[in-house]
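fold the following and give me the result.
(3 chains)
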Amino acid sequence: MRYLKLPRDYYQSLDVVKLSQGLLGKFIVTEQNGLRTAGMIVETEAYRGAEDRASHAYNNRRTQRTETMFAQGGVAYVYLCYGMHHLFNVVTGPKDCPHAVLVRAIEPIEGIAFMLERRGMQQLHPRLTAGPGSLSKALGITTALNGSLLTSKSVWIEDRDIQLSKKDILTSPRVGIDYAKEHRDLPWRFRLKNCVWTSKAK
DNA sequence: ACGAAGATTGGCT
DNA sequence: GCCAATCTTCGTC
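Numbers count the residues shown, from 1 in each chain, chains lettered A, B, ... in the order given. The predicted structure follows:
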């Protein structure tokens, strides 16, 4: 099997909803101080840039924080939520088109011992990497990686030839965005069906 | 300069 | 199920 690091081209699509589904079954890999950890993406949410009330970049709002979302697709947008959780997003689309995909859960694959240590856990359990704050902690992702190229040496995404079809994917509304009014119930949350590593559907 | 709220999580009732 | 933790961000004063 060939492992292909996704090239920057992959992230240029204008259709963030489709790309959000396409990232399911891909692998996030991090490497820090020689420690390598990886997991398969099993749950994502699409944030459709300027037109999406749930997006930080709604109405093309440019601030110091959201500037990363306006970069050309293929970089990481990592921000601190509730003062303690580092949330990992994949910036997509061309420059100045602030689309992003929030990764919400992964299946741990490589470096599980390191992940357990980072999380202060003894036993392998879905809690290890279910939820955006949890998976970031397990993979050692912090806001220090904000703006990093996803083709860098410390964080990237790989295609490992996992083939998925529409029937493998479950669709539901996004969570934690009650403020988003008419965009609150859009079915832009995607997960692998029958996968124990995701959180429960809304 | 101030303060409210947040794309969440885990512990306790 | 409820609620505190914890701190950056951003709108408002």
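
give me the neighbour count for A:L186.
Neighbours of A:L186 under the rule other CB atoms under 10 Å: 18. Placement of C-beta: from N, CA and C, glycine included.

thought it was touching A:P173?
Yes. With contact defined as CB atoms under 8 Å, A:L186 counts as touching A:P173 (6.6 Å).

chain A: strands as residue ranges?
Under the criterion DSSP state E, strands of chain A are mapped to A:4-5, A:27-32, A:35-47, A:76-81, A:85-92, A:99-110, A:155-159, A:169-172, A:189-192.

turn those strands into TSV, columns for distance to DNA strand C and mean neighbour count.
Listed next are these as TSV, based on distance: least, CB to the nearest atom of the strand, whole Å; neighbours: other CB atoms under 10 Å:
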stretch	distance to DNA strand C	mean neighbour count
strand A:4-5	28	13
strand A:27-32	20	20
strand A:35-47	14	23
strand A:76-81	5	20
strand A:85-92	8	24
strand A:99-110	14	24
strand A:155-159	19	19
strand A:169-172	16	15
strand A:189-192	18	23
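
now tabulate those strands in JSON lines and tack on distance to DNA strand B and mean pLDDT.
Formatted as JSON lines, the strands of chain A follow (distance: least, CB to the nearest atom of the strand, whole Å; pLDDT from 0 to 100):
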{"stretch": "strand A:4-5", "distance to DNA strand B": "23", "mean pLDDT": "97"}
{"stretch": "strand A:27-32", "distance to DNA strand B": "15", "mean pLDDT": "97"}
{"stretch": "strand A:35-47", "distance to DNA strand B": "4", "mean pLDDT": "98"}
{"stretch": "strand A:76-81", "distance to DNA strand B": "5", "mean pLDDT": "98"}
{"stretch": "strand A:85-92", "distance to DNA strand B": "4", "mean pLDDT": "98"}
{"stretch": "strand A:99-110", "distance to DNA strand B": "3", "mean pLDDT": "98"}
{"stretch": "strand A:155-159", "distance to DNA strand B": "16", "mean pLDDT": "98"}
{"stretch": "strand A:169-172", "distance to DNA strand B": "13", "mean pLDDT": "97"}
{"stretch": "strand A:189-192", "distance to DNA strand B": "10", "mean pLDDT": "98"}
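
tell me which of those sits nearest to A:K137.
strand A:85-92 (7.2 Å; CB to CB).

run through the bridge partners of the residue positioned nearest the centre of chain A.
Centrality entry for chain A: nearest residue to the mean C-alpha point is A:V103, 2.2 Å, by CA atoms, centre = their mean. Note on A:V103: beta-bridge partners by DSSP bridges are A:T44.
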